[in-house]
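Undergrad: Quick one, fold the following:
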Amino acid sequence: MKKNLFDLSGKLALVSGASRGIGEEIARTLADNGAHVIVSSRKLEDCQKVADSIIENGGKAEAVACNVGKIDDINAIYEYIKEKHQGKLDILINNGAANPYYGHVLDTDVDAYQKTVDVNIRGYFFMSIGAGKLMRENGGGAIVNTASVNALQPGDKQAIYSMTKASVVNMTKAFAKECAPLNIRCNALLPGFTKTKFAGALFSSDKVYQHVVNAVPMKRHAEPTEMVGTVLYLVSDASSYTTGECIVVDGGLTL
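TA: Model prediction:
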C-alpha cells in the first residue's frame, strides 16, 4: 500500500489565531488529516468552540488561550506543551495577527504601530523560537507562517500591516536557512483577498470591494477553506524537501 503523504496521524500541531477565519479552517484540516490540534487564540471560549466542534467530528483537539502579542503568554503555552505533551511538538502554524489601523500612513499612531509589530513580528518570532527549541529536541518539525500578498505589494491604507508581513517573509527564510540542519522546515502562506472578519475593512463597502476584486484575475475573493490545501502540503511529508518557500495563493492578484 502506498503511503499517504498527507497523513498527520500522531502529530501534535499548535495553531495560533485558530478561533475563526483561516486559522480555524487550518485547525480543522490538520485534525481531519490525523493531527492532534491545539487551538489557540486570545479568548479561550472561542478556541473551545472550535476544539469541541473538531472533537464532535471525530478529530483530536484542545483549546489553550495565548495572546502572541504577550511574551508571557508565549512562554506559558510552551510550558503547557512541555507538561501536558512531554515537550512534543511537530507543527506550528503562526496565524494570529493584528491589523488595528486602516488609514493613511501619515496618520498612523504609535499605539497601532506597536500592537501590529508586537503581534506580527515579535509574536511570530518568539513563537517560532519556542516551537523550534522543542522540535530540535524531538528530531524536527514544520513551521508555517501566515504572511500576506501585502508583503509583496503594500496594501492601500495598510502600511504598517504590510511592513510587518514583509518581515514575516524574511523571517521565514531566516528560520528555514538556520534550522534546516535540525530537520526543521519553515515556509509561509501568502493569502490574497480572502473573506474573513480580519479583512472586514475591505468588505465594508461595495466601492472598496469592487476596487480590490477587479484587480484579481479570477474576479472573486477567496474563502478561508481555499488557503488550507497549501498549509496541509507544507506541514506534511509531501513537502519534505521544501523549506524557505513563500507560496502565494491569491487568484492571480500579484501577477
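
Undergrad: Which parts of the chain are helices?
TA: Taking DSSP state H as the criterion, the chain contains helices spanning 21-32, 44-56, 71-84, 110-117, 124-137, 159-179, 200-203, 206-213, 228-235.

Undergrad: And those helices, which one averages the lowest pLDDT?
TA: For the helices of the chain, mean pLDDT drops lowest on helix 200-203, to a mean of 68.

Undergrad: Most tightly packed of the helices of the chain?
TA: With neighbours taken as mean count of other C-beta atoms under 10 Å, those reach their highest mean count in helix 21-32, at a mean of 26. For every residue, glycine as well, the C-beta is placed using N, CA and C.

Undergrad: Between helix 44-56 and it, find me the angle.
TA: 30 degrees (axes from the mean of the first three to the mean of the last three C-alpha atoms, to 10 degrees).

Undergrad: what's helix 21-32 in contact with?
TA: With C-beta atoms under 8 Å, 6 or more residues apart in numbering as the contact definition, helix 21-32 has outside contacts at 8, 11, 13, 15-18, 37, 39, 41, 50, 53-54, 57, 59-61, 91, 93, 95-96, 146, 191, 194, 196-198, 224-225, 227-229, 231-232, 235.

Undergrad: what sits against Asn4?
TA: Asn4 makes contact with no residue under the criterion C-beta under 8 Å, 6+ apart.

Undergrad: cool, Ala112 as well?
TA: The contact partners of Ala112, taken as C-beta under 8 Å, 6+ apart, are 100-101, 160.

Undergrad: try Thr196
TA: Contacts for Thr196 were tallied using C-beta under 8 Å, 6+ apart; they are 20-22, 224.

Undergrad: Mind doing that once more with 6 Å?
TA: When contacts are counted by C-beta atoms under 6 Å, 6 or more residues apart in numbering, Thr196 is found next to 21, 224.

Undergrad: cool, Thr116 as well?
TA: Thr116 sits next to 98, 160-161, 164 when contact means C-beta under 6 Å, 6+ apart.

Undergrad: what's the distance between the closest residue to Lys60 other than its chain neighbours and Ala112?
TA: Counting by C-beta to C-beta, 6 or more residues apart in numbering, His36 is the residue found nearest to Lys60 once chain neighbours are left out, at 4.1 Å. As judged by C-beta to C-beta, to the nearest Å, His36 and Ala112 stand 36 Å apart.
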